[in-house]
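Q: Take a look and give me a structure for this.
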Amino acid sequence: MPAKMISVTNQKGGVGKTTTSLNLGAALSAAGKRVLLIDADPQGNLTAALGFTPAEHQDTLAKLILTAVDSPEDMEIYLPRTVLRTESGMDLIPANKRLSDAAARLQVMRMSQYNAVKEAERPCEKVLDGIVRQLSKSYDYIVIDCGLKHELLTVNALSASDYCIIPVQAHFLASEGIPEVLEMARAVQERFNRNLKIAGILLTMYQSRPQLCQSVRASVREIYGTDLHVFERPIEYTIKIAECPAAGKSIFDYAPKNPAAESYRNLALEVMQLA
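A: This is a model prediction of the structure:
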């Protein structure tokens, strides 16, 4: 059975996309699932959060995208080289600044695809989809950590995904990025991926006591709760969850009894119930 593909994205920074991608993957892995993480951000934050140095890697998502566009016959050579095994048991396709070059190549492809029959047959928005489909039978879940700046990379991620999770920081006005994500997701649904579903809105950096956080949660539920799922348990904010990326570990390896770990276990349970 092919893997379920999940993109973690928001057009607003600092909402916990990378932390969510890493720890959702780790929670699924701890539940016995085969997990592949894909770093789709040129900053390489997910790669670094798993203990790797992004700049040191030549075989990255950028290499796969450029190979898929310019020499797809070589994909069988580069694909196995690119997938890294992590200490936590998950696999990773890393990223670094070279991914910006790959995004620029996709932009050139977009500009030319409607003037060239060959390019139009493989749209630039579906390049990542072609890559992950070659991997999907080897995993139960593939989680894609999306960046901010390169729209085409995010569109590629959504075009390849079955589900999209939208992390939202539990602070006043932090939900501002949601409409932009929903607009992009709907455009992708209409043009490239009719099967894409919004899995839900995930409140992050949540502190259960402050009244402000409770107000944000109530507001998000009031505005989107009838149309969009709001994940039942928000992600608790703790010092340990902030420290674990610097240690190159998931919260389950760094502080498994931390309240944030329990939050991500609950998220994984909800994700595993997705149809």
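
Q: any chance you could map the strands in the stretch 151-275 of the chain?
A: Along the stretch 151-275 of the chain, counting by DSSP state E, counting those that start in this stretch, strands occupy 163-169, 197-204.

Q: looking at those strands, which is buried most?
A: Neighbour counts (mean count of other C-beta atoms under 10 Å) averaged over each of the strands of the stretch 151-275 of the chain peak at strand 163-169, with a mean of 25. From N, CA and C alone the C-beta is placed, and that goes for glycine too.

Q: what about the stretch 1-150 of the chain, any weak spots by pLDDT?
A: Where the stretch 1-150 of the chain drops to pLDDT under 70, the residues are 113-121.

Q: got the residue ranges for the strands in it?
A: 4-8, 35-40, 84-85, 91-93, 141-146.

Q: re earlier: generate a markdown table for the strands of the stretch 151-275 of the chain, with mean pLDDT as supplementary columns.
A: Shown next, in a markdown table, are the strands of the stretch 151-275 of the chain (pLDDT from 0 to 100):
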| stretch | mean pLDDT |
| --- | --- |
| strand 163-169 | 91 |
| strand 197-204 | 91 |
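
Q: Using a markdown table, lay out these together with distance to Val69.
A: Converted to a markdown table, the strands of the stretch 151-275 of the chain look like this (distance: least, C-beta to C-beta, whole Å):
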| stretch | distance to Val69 |
| --- | --- |
| strand 163-169 | 24 |
| strand 197-204 | 28 |
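
Q: Figure out which of the ones you listed is closest to His150.
A: strand 163-169 (16.7 Å; C-beta to C-beta).

Q: how close does the closest residue to Tyr139 other than its chain neighbours sit to Ala157?
A: Counting by C-beta to C-beta, 6 or more residues apart in numbering, Tyr139 lies nearest to Ala3, which is 4.2 Å off, once chain neighbours are set aside. The span separating Ala3 from Ala157 equals 14 Å under the rule C-beta to C-beta, to the nearest Å.

Q: picking that back up, which residues touch the residue nearest to Tyr139?
A: Arg34, Leu36, Val132, Leu135, Ser136, Lys137, Ser138, Tyr139, Asp140, Tyr141, Ile142 (C-beta atoms under 8 Å, 6 or more residues apart in numbering).
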